[in-house]
Structures are given as C-alpha cells and as structure tokens.
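Novice: Test case, fold it:
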Amino acid sequence: MEKQLKQNITTVAIIGRPNVGKSFLFNRFAGKAVSLVDAEPGVTRDRLYAEVRCGDKIFYLVDTGGFYPGGGEGMDSMIKNQVEFSIKEAGVIVWVLDAKDGVTPVDEDIALKLRPVKKPIILAVNKADNISRMEDTGDFYRLGFGEPISISALHGLNTDVLLDKIITYVPESEIKAGEESIWISVVGRPNVGKSSFINSLLNDNRVIVDKEPGTTRGVIPIPFSFEERQFTLLDTSGLRKKNKVYTDLEQKMSVWTRRVIRRSHVSILLLDAQDGVTSQDARISDYIWENSGNMVIAFNKCDLLKGDDKVRRKYIDFLHKRIRVSNFCPVLFISALFGQDVFTTISTAKDVFNHSRMRVKTNVLNKVIEETVKKHQAAYAKGKHLKILYATQASVEPPSFVFFVNDASLVKENYKRYLTKVIYSHFDFSGTPIQIFFRTRKRRKFYADGYSP
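Specialist: So this is what the prediction gives:
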C-alpha cells in the first residue's frame with residue numbers, strides 16, 4: 001500500500017543538544033506554534049514535521065529531541081535513535097548551537113557524529129540577541145562546518161538569512177500549491193496505543209513508544225500519503241482527567257491536544273479494548289463532537305480479545321450506552337501492534353471527511369421529512385400543532401439544516417433529536433455531527449393593491 005511522505009520534497013532537520021532553541025526556530029519557520037516549548041529540558045522527544053513554503057519551493061522541516069551522541073538508556077536512547085534517523089533521511093541539516101555557552105563538549109561529540117555525513121550542514125548560532133553575541137562567532141568555526149549564522153529564534157533576528165541559506169539547497173517542488181491535506185488527529189487517554197497506531201501505519205518507529213504514560217509531548221504532525229490522497233497525521237498527548245493534571249507542562253499538552261482536535265478535519269478516538277469504555281473516553285468524545293469534530297471510534301488492542309462477533313456486539317452495545325454520539329459514528333476493532341485494520345481506519349476517516357462536505361438536494365430532503373411527519377407528528381404545545389413547511393441544507397462542515405416552521409417556539413428537544421436520527425438514517429453523514437435550526441416563517445400580508453412580503 002502507498003504510505004509515504006510526498007515525493008520530491010526536501011527534508012530539513014533541525015538538530016542540536018537540549019535547550020538551544022530548536023523548537024523556537026521550528027515554530028518560527030512553521031509560522032505557528034507546532035512544537036511545544038517549555039523550560040524543562042527534553043520536552044521535544046519525537047520528530048515533529050511541518051510543511052514550509054517559500055515562493056515556489058516547499059520543504060519539510062523536522063524538529064528533533066535534544067541530541068546526546070553518547071546515547072544512554074531508556075528515553076535518552078530512544079530520542080538518540082530518532083535524531084539519528086532524522087539525520088539519515090534529511091536532505092539538509094540545520095545544527096543549532098547556543099551563543100551564550102559557546103562550543104561545549106556535547107557539541108564536539110555532535111561534530112564527530114556529523115563529519116562523515118555527506119549533506120549540507122548549516123550552523124545556526126542561536127540566542128545571539130545582542131551585537132556582541134552576533135559578532136562573537138569565532139569559536140564555532142573550529143567545528144569545521146563553515147561560516148556560522150548568528151540568529152535569535154525568539155526575536156526573529158537573522159532568521160531570514162538562515163532561511164535564504166536553507167532554500168539554496170531546496171529544489172523547486174512539483175506539488176501544486178493548492179493541494180489540500182486531510183488533517184487527522186489520533187486522540188485518547190494515555191497509553192491506549194496512539195503512537196503505536198501511527199508507527200504501524202508508517203511501518204516505522206516515527207514516534208517514540210514507551211510504557212511510561214505521557215511519552216508523547218505536544219502534537220506531532222506527520223505528512224502521509226495513502227490511496228492517492230494526502231493526509232497529515234497528528235499524534236497527540238493522552239488526555240487525562242483534569243484532577244490528574246499536576247504540572248504546567250501537562251496543562252500545556254492538554255491545551256494543545258484540544259486545540260488540535262478543534263482544527264483537525266477528523267479525529268480518531270482510540271479506546272483500549274482491555275479497559276472497555278471509561279468515563280474519560282466519554283468526556284473526550286463529547287469534546288470532539290461538541291466542537292463540530294468529525295470522529296471515528298476504534299477499539300485498539302483487539303488481538304487480546306477472546307471471542308467472535310458476539311463479543312464485539314457486546315462491546316458496541318456497551319459503547320452506545322456510555323457514549324451517546326457513538327450511534328452516529330463508525331466503530332472499528334483494530335490492533336496497532338499487529339497492524340490489524342489500521343489502514344481501514346484511515347479509509348474510514350477519509351469517508352467521514354467526505355460526509356462532512358456532502359450536500360442533500362432540497363427536494364430529496366423535503367420528501368423524507370414529509371414522510372417522517374406523516375408517521376410521527378410533533379405533540380401539541382401551547383394549544384398549537386407544529387407544522388414543518390419545508391427544510392433545506394444551509395451549509396457543510398458541519399452539515400447544517402434549517403427547518404422553516406409555523407412557530408419555532410413549539411419545537412421540543414425530543415422532536416429535534418428525532419429529526420436528527422431521521423437525517424442520519426436516510427443520508428450517510430456517519431461520523432460527522434449535523435446541526436438543525438428552526439426558523440419561524442412569517443406570513444405575508446395581502447393588501448387591496450397587491451401584497452408586500
């Protein structure tokens with residue numbers, strides 16, 4: 001199956017030891033806060049991607065974790081592997097150093113690691129936010145990678161010079177400027193398998209997987225191509241209950257994940273089949289749906305399930321009881337560990353994206369509503385009977401419908417829910433929230449010499 005980055009686009013990797021300002025530089029070139037920035041060292045752990053366009057040139061910018069060439073154990077070793085992979089796949093390397101500290105022993109170790117690399121390597125000396133630091137770059141020449149460029153990523157000083165240097169190594173792209181990518185966020189509680197799901201799709205340890213909850217920090221955008229369509233996958237931090245968020249960094253991670261949910265075209269809500277459906281799962285699903293978010297629900301770790309379709313039916317029945325909107329969403333059973341139906345999940349997400357843009361013809365919609373009213377009329381209220389005069393679809397993303405009635409104040413919530421179910425049952429809006437509005441249609445007043453609307 002086709003699963004890859006877009007072809008013919010250069011990758012530019014930002015590397016360096018911890019806390020030299022790599023993420024500040026990444027965010028400045030990306031034009032938005034994509035990489036999480038915090039005073040705590042080691043915030044960036046995975047490879048973060050952003051597509052940068054500069055005139056007719058396009059390149060992928062990659063932010064990486066703090067690099068210790070010596071490695072270490074546990075998380076440090078995994079971060080080291082991520083950085084080394086970024087160096088291997090990159091067409092251009094931007095090595096960020098710290099003007100305050102000068103050349104450190106870790107920088108010298110990185111230089112030894114980079115010397116055999118036969119690729120353009122640009123030295124960016126960050127935190128040069130005054131004249132003396134701008135001019136004092138002599139120490140960095142001894143690293144042996146040519147003239148360093150003094151910048152301040154925080155204040156934007158000389159970052160345009162650095163960008164000009166980068167694009168000299170970037171060929172013109174064949175990708176059309178107007179090509180749209182479907183943004184799919186993978187969300188859920190900590191340790192439900194979000195990063196494993198991403199890695200299974202890419203057949204690559206693109207994001208770090210560890211038993212420690214909270215391994216993924218911030219949001220990781222990953223360009224991805226599948227079934228001749230461009231996607232951007234977003235691995236997110238696990239969403240905890242509010243009373244389980246203890247640090248400022250965890251609070252930032254939670255805020256970023258919610259922001260990504262609001263901006264994504266589709267959210268894939270991963271549930272742990274071992275845990276069933278928890279109250280936190282229900283809260284996350286409500287947040288997605290209430291923010292007009294398209295949603296696919298997937299039970300992960302289904303390789304651990306014992307039984308047949310009857311067991312799955314029980315899971316779905318329990319899901320419908322705990323998550324009210326799941327009745328309107330596709331529900332899948334997958335195993336990220338073994339790659340079971342992970343691509344089906346992406347195909348389903350693409351279908352849901354298309355559903356959110358679907359339009360129903362007015363005459364078809366009104367025929368369905370007319371038959372519905374004959375079967376089930378609204379109850380009397382205020383001594384009147386609700387009459388639906390006609391309905392029309394007003395917009396898409398999310399699909400919105402306007403019902404013109406004799407008196408909108410007669411509409412009760414249970415009848416609104418009934419009409420919502422009718423629309424879902426007759427038209428394939430699976431996975432996308434629809435909105436229904438009621439408007440009172442005023443009568444026209446007739447006069448002797450005609451009428452005025």
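Novice: Tell me which residues of stretch 55-69 come out buried.
Specialist: Going by neighbour count (16 or more other Cβ atoms under 10 Å), the buried part of stretch 55-69 is 57-69. In this view, the C-beta of every residue, glycine as well, is placed from N, C-alpha and C.
Novice: can you give me how far it is from the chain middle?
Specialist: When distances are taken as Cα atoms, centre = their mean, to the nearest Å, stretch 55-69 is centred 18 Å away from the chain's centroid.
Novice: Could you list the alpha-carbon positions for that stretch in CSV?
Specialist: Output in CSV follows, covering the C-alpha atoms of stretch 55-69 (Å, rounded to 0.1, in the frame of the first residue of the first chain):
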residue,chain,number,x,y,z
GLY,A,55,7.9,31.1,-3.0
ASP,A,56,8.0,28.1,-5.5
LYS,A,57,9.9,26.0,-3.0
ILE,A,58,8.5,23.6,-0.4
PHE,A,59,10.3,21.6,2.2
TYR,A,60,9.6,19.6,5.3
LEU,A,61,11.0,21.0,8.5
VAL,A,62,11.7,18.5,11.2
ASP,A,63,12.2,19.3,14.9
THR,A,64,14.1,16.7,16.9
GLY,A,65,14.8,16.0,20.6
GLY,A,66,17.9,17.1,22.4
PHE,A,67,20.8,15.1,20.9
TYR,A,68,23.4,13.3,23.1
PRO,A,69,25.5,11.3,20.6
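Novice: any idea of the mean pLDDT for it?
Specialist: What stretch 55-69 shows for mean pLDDT is 78.
Novice: Domain-wise, how is the chain divided?
Specialist: 10-167, 182-356, 362-445 (automatic domain parsing).
Novice: about what we covered before: check the buried residues of stretch 55-69 and tell me the two furthest apart.
Specialist: Spatial extent of these (Cβ to Cβ) is set by the pair Lys57 and Tyr68 at 32.6 Å.
Novice: how about whichever strand or helix holds Tyr49: buried residues?
Specialist: Taking DSSP states H and E as the definition, one finds Tyr49 inside strand 48-54. Residues Leu48, Tyr49, Ala50, Glu51, Val52 are the ones in strand 48-54 that count as buried (16+ other Cβ under 10 Å).
Novice: do the same with stretch 123-137
Specialist: Residues Leu123, Ala124, Val125, Asn126, Lys127, Ala128, Asp129, Arg133, Met134, Thr137 are the ones in stretch 123-137 that count as buried (16+ other Cβ under 10 Å).
Novice: Just to be sure, the second one is in a helix?
Specialist: This points to Ala124. No: using DSSP: H, G, I helix; E, B strand; the rest coil, the secondary structure at Ala124 is strand, not a helix.
Novice: On the three-state scheme, Tyr287 is what?
Specialist: Classified using three-state DSSP, Tyr287 is helix.
Novice: can you pull the contacts of it?
Specialist: With contacts defined as Cβ atoms under 8 Å, 6 or more residues apart in numbering, the neighbours of Tyr287 are Arg258, Ile261, Gly293.
Novice: Which of the helices or strands spans Ala111?
Specialist: helix 105-114.
Novice: Give me the contact list for that helix.
Specialist: 15-17, 67-70, 87, 93, 95, 97, 121, 143-145.
Novice: Pick out the lowest-pLDDT one from the residues you listed.
Specialist: The minimum pLDDT among these falls on Gly70, with 63.
Novice: Give the closest residue to Val96 in space, chain neighbours not counted.
Specialist: Setting aside the residues directly before and after it, Val96 is nearest to Gly16 in space (Cβ to Cβ, 6 or more residues apart in numbering), at 3.8 Å.
Novice: Now the one you found. Its backbone dihedrals?
Specialist: Backbone dihedrals for Gly16, given as degrees, to the nearest 10, come out at phi 150, psi 170.
Novice: Please report the number of neighbouring residues for it.
Specialist: Using other Cβ atoms under 10 Å, the number of residues around Gly16 comes to 25.
Novice: thought it was touching Trp95?
Specialist: Yes: if you go by Cβ atoms under 8 Å, Gly16 and Trp95 touch, sitting 5.9 Å apart.
Novice: Just the buried residues of the contacts of Tyr287.
Specialist: Here, 16+ other Cβ under 10 Å leaves Arg258, Ile261, Gly293 buried among the contacts of Tyr287.
Novice: Turn those into a markdown table, including pLDDT.
Specialist: Below are these laid out as a markdown table (pLDDT from 0 to 100):
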| residue | pLDDT |
| --- | --- |
| Arg258 | 79 |
| Ile261 | 84 |
| Gly293 | 85 |
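Novice: out of the residues you listed, which are inside helices?
Specialist: Applying DSSP state H to the buried ones among the contacts of Tyr287, the entries found in helices are Arg258, Ile261.
Novice: Columns distance to His426 on top of the buried ones among the contacts of Tyr287, output as TSV?
Specialist: Converted to TSV, those look like this (distance: Cβ to Cβ, whole Å):
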residue	distance to His426
Arg258	33
Ile261	28
Gly293	23
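Novice: Tell me the one of the buried ones among the contacts of Tyr287 nearest Leu234?
Specialist: Relative to Leu234, the closest of these is Ile261; by Cβ to Cβ it sits at 9.2 Å.
Novice: if I look at that closest one, how far off is Gly65?
Specialist: Separation of Ile261 from Gly65 (Cβ to Cβ, to the nearest Å): 24 Å.
Novice: for Asn203, same thing?
Specialist: Distance from Asn203 to Gly65, by Cβ to Cβ: 22 Å.
Novice: Kindly provide the distance from Arg17 to Ile110.
Specialist: 7 Å.
Novice: Is the closest residue to Arg441 other than its chain neighbours within a helix or a strand, and which one?
Specialist: Closest residue to Arg441 apart from its sequence neighbours, by Cβ to Cβ, 6+ apart: Phe404 at 4.4 Å. Using DSSP H and E, Phe404 sits in strand 400-405.
Novice: Now do that strand: which elements does it pack against?
Specialist: On a contact count with 3 or more Cβ pairs under 8 Å, 6 or more residues apart in numbering; DSSP states H and E, strand 400-405 meets strand 388-395, strand 435-440.
Novice: got the angle for it vs strand 388-395?
Specialist: 160 degrees (axes from the mean of the first three to the mean of the last three Cα atoms, to 10 degrees).
Novice: returning to what we had before: between Arg17 and Ile110, which contacts overlap?
Specialist: In contact with both Arg17 and Ile110: Phe67, using Cβ under 8 Å, 6+ apart.
Novice: on that earlier part again, name the next helix or strand downstream of the strand holding Tyr49, please.
Specialist: strand 57-63.
Novice: Counting by contacts, list what that next one packs against.
Specialist: Using 3+ Cβ pairs under 8 Å, 6+ apart, strand 57-63 is in contact with strand 10-15, helix 22-30, strand 48-54, helix 159-167.
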